[in-house]
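Visitor: mind looking at a prediction? Sequence and model below.
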Amino acid sequence: MVKQIYSQMPNPKVVVAVGICACTGGVFKDCYNIKGGVDTVIPVDIYVPGCAARPESIIDGVVKALALLKEKQEAYRQEKRRSKTDGR
């Protein structure tokens, strides 16, 4: 389900994994039904460890994600411009 939601998100994408369970599987990593961290299913850009993750850590992760999103948006726009000019 997470993979399906990820594929429906528009580009550019930024993924933040919050909490040790999302990052690595946490204490459940050896269970038969746990695949590991979310990065085994979708690419993760920012990791916020903790059990439970502290609010200031989550805020820091979101701030980093917003900066990364801005970078990705600019790169995405430049790539679209290049593909338009190359296609003419």
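Guide: Perfect, thanks for sending it. Numbers count the residues shown, from 1 in each chain.

Visitor: mind listing what's buried in the helix or strand hosting Ile59?
Guide: Per DSSP states H and E: Ile59 is located in helix 55-87. If you call a residue buried by 16 or more other CB atoms under 10 Å, then helix 55-87 has these buried ones: 58, 61, 64-65, 68. Any C-beta I mention is one placed from the backbone N, CA and C, and that applies to glycine too.

Visitor: just give the closest residue to the residue sitting nearest the centre point of the chain, not the sequence neighbours.
Guide: When CA atoms, centre = their mean is applied to the chain, the residue found nearest the centroid is Val15 (1.4 Å). Residue nearest to Val15 in three dimensions, not counting chain neighbours: Val44, with 4.9 Å by CB to CB, 6 or more residues apart in numbering.

Visitor: state the distance from the one you found to Ala65.
Guide: Separation of Val44 from Ala65 (CB to CB, to the nearest Å): 10 Å.

Visitor: between the two, what contacts are shared?
Guide: Counting by CB atoms under 8 Å, 6 or more residues apart in numbering, the residues touching both Val44 and Ala65 are Val16.
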